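need a structure here:
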Amino acid sequence: MPEYETMDDQPSQGTDNGKPASKPDLPKVSGRAWGRLLKLFHLNTSVIFILATEFFEKIAFFGQKAILVLFFTDGLSLSESKATSLYHVFTFFATTFTILGAFLSDYVCGRYRSILIFSIIFLGGATLLSATAYPIPIGMPGVGSAIGLFLISLGFGSIQSNLSHFGADQIGMKEEKQYWTYFSLFYFSVNLASLISGICVPILREDVKCLNADCFPLAFGVCSIAVLVALVIFGVGTPRYKIYPPSGNLFCKVFSATWSALKNKIKWLRNKKNEKAREHWLDWADPRYEQDLISDAKKLYNLLVLYPLMPMYWALYEQQGSRWTLQAHEMELSMGSITLKPDQLQSLNLFFVLFLLPIFEGIIYPQFEKINLLLQPVTRMSIGLFGAVVAFLIAGIVQLQIQKWQLPPQPDGVTELKIFNGALCNLNIDFLENHLVMDQHALSPSYPVPMVPYTLRIVPERCSLPPVSGSINFTTDSKTRSTLFIVQDLKTRELNVTQIPDNTVKILDNLALVRIFPLLGTASPNRNRTVRLKCKPDASENLHVKPFVPSAYTPVQFGRCSLELSDGVGLSFTPIEDEVELKQGGVYTIVLHQANNTENVTVQLNIDSWPKTVSVLWQIPQYFVISISEILFVVPGLHLAYTQAPSSMRSVTMAAWFATKGIGNLIVVIVAESTLITNQAVEFFVFAALMGLTTLIFFVTARFYEYHPIDTKEKETDGLNSEIKSPLSYSNKENLMDSNS
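So this is what the prediction gives:
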């Protein structure tokens, strides 16, 4: 592949003679750390204002996004499926509104005014979301929040197609190395802001209470303050900015020239190629289109041909906030005395990017450049795409290990049954084609059974109890498993069979589910009792139970728990000698057995559903690989979108870049809402296979990519109050920027 071409320095702002300056304007360095930093990165002060603006805007946006799903489910009481759909719809709009921002920037307002206008809209939406985050008991709850989220997506999305390129416009010397440095610092600031907001905003939401609930207004309010800070910083830097006028309706001209070239090319083919062939199909455009316009169109299409392959990468990347977070929810989150939250694992990606990006820029890339490898952006992007494949293969393998400890779903029309023998003797049990011999106080494994009435026969073994036979009707819901509790009436000595559905309660983070089955053979068997479960010194749960009747499932803190039993009359509790070990995510039935006319109570712990067994630390490899993939794909992609685009249409190419991210979100929604793939591990492997195919096509396409020198045909204005000059006319005398404009 050809090497990048560099170009001569453009005039720095403030020159009087219009000649190119040898160096960009930099603050004088007199031993101060700030000046040394700027000199080290060859950046001017205006770039620092842009980086700071991006930093605070990303703190606001990613802070809002981090808690958005919980706001939908807990704040607005929406279902998980609806919250997931709205989350991806919001992300879709936030990325596709970049097209609107690009259009207004290139053809109406220019980049500076577009950023300023949409930052104000962003601030208005963030403020409205914070003010309406309280639940509204009457009227239409969530309307104000919906409007606020729409304004946020409109403002933030429209800013993103302009801000990174506006910062690149401030660079004085058009040298390749400076652009690499700028875009690396730009992406570093993005990830640093995301890391800070991803940690701090959820803490504000959960640890501070508003009306005895999570304080969403405070968390969203801090984000709105961050938007305000970004707006102030951007405004303060105005006198130092290089501001370029909009390019007018250039895109329409390009489209018209494209249509003309296609028509003439088709005519040439129909006329059996009477004329001599031309080098490029765009060269068939009518002569009225200037050569510079045709050249810009070639550059644009040469770049955009890579973009249709990018959405699949974003489809995988965006699942860090959905599928990977849900995967973490199924894993063991405790690490000694520290317990993580599932949505905190996303910060691993940000941490790895912040840690690895300087290593790539300072060590890895220079070493590979010495042997002429990883020189071009498309080469790095190809490897980045392959990294996403590896990351999802790892995620699929981890998911397989998780699913080993989960009960597999049964086909339609089939449910699962367990039997608990609470009688005082062994039992022979026959149902369908199954024969069980059960010891007293034993719990059987799960048996698949059809959801139809069937005959259950129970024959006591070596005790004087009458056999039990009858027809038992099962639930028609195949997702609800059941347990048959067989107990013995202390008065009649007959066996009673009760069908109790197993857990249908959502297991919250850092909790386990427990139900109590009290076989308390006391003199007053009908007296209600209270079982106190203490798993932490400062936390206990009182479970009210009735002898011989299983209680409802109750969420409790996991850990090693002691039990106490009330006497049923007063508030005094008697400690039970045995303890139980509850693990995160486990579902348990605790059987309390008390022999008749004795005070001795024994504890039996039965596992209804296995706890979370696979450690969340096994997610670290997939986050590590996706972070390397991100560095290799996103940073070169941003660089490519700026340096290889025509100067008058850079906002368009940036909007197209973000639009591919929006399409990637739609791919996730389509796959998630479909019922074609029900196994999560299989879904991960399918995504990896699709990404592998996309990587192969991208690699082949990139081999034919033609690089162009950096385009600098834009004109500069001196500040906000300067008059917007007329659009570029594509005449030769305007190929260089006029430093006195």
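
how about stretch 581-590: buried residues?
By 16 or more other Cβ atoms under 10 Å, the buried positions in stretch 581-590 come out as 582-590. Using the backbone N, CA and C atoms, a C-beta is placed for each residue, glycine as well.

could these go into CSV alongside pLDDT and distance to I402?
What follows is these, written out as CSV (pLDDT from 0 to 100; distance: Cβ to Cβ, whole Å):
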residue, pLDDT, distance to I402
L582, 86, 19
K583, 83, 14
Q584, 79, 13
G585, 79, 11
G586, 84, 14
V587, 86, 16
Y588, 89, 19
T589, 87, 23
I590, 86, 25
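
return the subset of the residues you listed lying in strands.
In this view, the buried residues of stretch 581-590 that belong to strands under DSSP state E are 582, 587-590.

tell me which of the residues you listed is nearest to G110?
Distance to G110 across these (Cβ to Cβ) is lowest for V587, with 60.2 Å.

what's opposite that closest one in the beta bridge?
When bridges are called by DSSP bridges, V587 pairs up with L513, S609.

would you confirm that it contacts L511?
No. Here V587 does not reach L511: they are 10.5 Å apart, not a contact under Cβ atoms under 8 Å.

now the strands for the stretch 151-300 of the chain?
For the stretch 151-300 of the chain, applying DSSP state E, counting those that start in this stretch gives strands covering 209-210, 213-214.

which of those sits closest to S184?
strand 213-214 (36.7 Å).

centroid-wise, who is the farthest residue in this protein?
S464 (62.2 Å; Cα atoms, centre = their mean).

give me every residue that touches that residue.
Counting by Cβ atoms under 8 Å, 6 or more residues apart in numbering, S464 makes contact with R493.

that one in helix, strand or coil?
Per DSSP: H, G, I helix; E, B strand; the rest coil, the local secondary structure of S464 is coil.

how much space between it and D430?
20 Å (Cβ to Cβ, to the nearest Å).

again with I147
To D430, I147 is 63 Å away according to Cβ to Cβ.

one more: T554?
Distance from T554 to D430, by Cβ to Cβ: 34 Å.

the more surrounded of the two?
The residue with more neighbours, out of T554 and D430, is T554; 18 against 14, by other Cβ atoms under 10 Å.

need the pLDDT of that one.
T554 carries a pLDDT value of 83.

in which helix or strand would I find the nearest residue to L185 once chain neighbours are set aside?
Setting aside the residues directly before and after it, L185 is nearest to L51 in space (Cβ to Cβ, 6 or more residues apart in numbering), at 6.2 Å. For L51, the host element (DSSP states H and E) is helix 45-66.

give the next helix or strand downstream of that helix.
Per DSSP H and E, the first helix or strand lying C-terminal to helix 45-66 is helix 68-70.

what packs against that next one?
In terms of contacts (3 or more Cβ pairs under 8 Å, 6 or more residues apart in numbering; DSSP states H and E), helix 68-70 is packed against helix 80-96.

can you tell me which of the strands of the stretch 151-300 of the chain is packed in deepest?
When you average the neighbours per residue for each of the strands of the stretch 151-300 of the chain (mean count of other Cβ atoms under 10 Å), strand 213-214 leads with a mean of 17.

show me which of the ones in strands among the buried residues of stretch 581-590 is closest to I576.
Closest approach to I576 among these (Cβ to Cβ): I590, at 10.1 Å.

ok, P646 touching I294?
No. Look at P646 against I294 with Cβ under 8 Å: they stay out of range, at 11.0 Å.

more neighbours: which of these two?
Neighbour count, other Cβ under 10 Å: between P646 and I294, P646 has more, with 25 against 20.

quick one: pLDDT of that one?
P646 is given a pLDDT of 78.

where does the protein have its least confident helix or strand?
Every helix and strand in the chain was compared by mean pLDDT, DSSP states H and E; the lowest is helix 33-41, with a mean of 44.

end-to-end on stretch 354-371?
One end of stretch 354-371 sits 26 Å from the other (Cα to Cα, to the nearest Å).

buried stuff in it?
By neighbour count on 16+ other Cβ under 10 Å, the buried set for stretch 354-371 is 354, 356-357, 360-361, 365.

need those in CSV with pLDDT, secondary structure and distance to G387, can you?
Formatted as CSV, the buried residues of stretch 354-371 follow (pLDDT from 0 to 100; DSSP: H, G, I helix; E, B strand; the rest coil; distance: Cβ to Cβ, whole Å):
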residue, pLDDT, secondary structure, distance to G387
L354, 81, helix, 17
L356, 90, helix, 12
L357, 83, helix, 14
F360, 89, helix, 12
E361, 81, helix, 17
Y365, 86, helix, 16
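
give me the neighbour count for I670.
Count around I670 with other Cβ under 10 Å applied: 11.

beyond the stretch of helix or strand it belongs to, next helix or strand please.
For I670, the host element (DSSP H and E) is helix 650-673. Using DSSP H and E, the helix or strand that follows helix 650-673 in sequence is helix 680-703.

before we move on, the earlier item: the buried residues of stretch 354-371: which two are farthest apart?
L354 and Y365 (16.9 Å).

which of the strands of the stretch 151-300 of the chain comes out lowest on mean pLDDT?
Mean pLDDT is lowest for strand 213-214 out of these, coming in at a mean of 69.

looking at the buried residues of stretch 581-590, which one is closest to E683?
The shortest approach to E683 among the buried residues of stretch 581-590 belongs to G585, at 21.2 Å (Cβ to Cβ).
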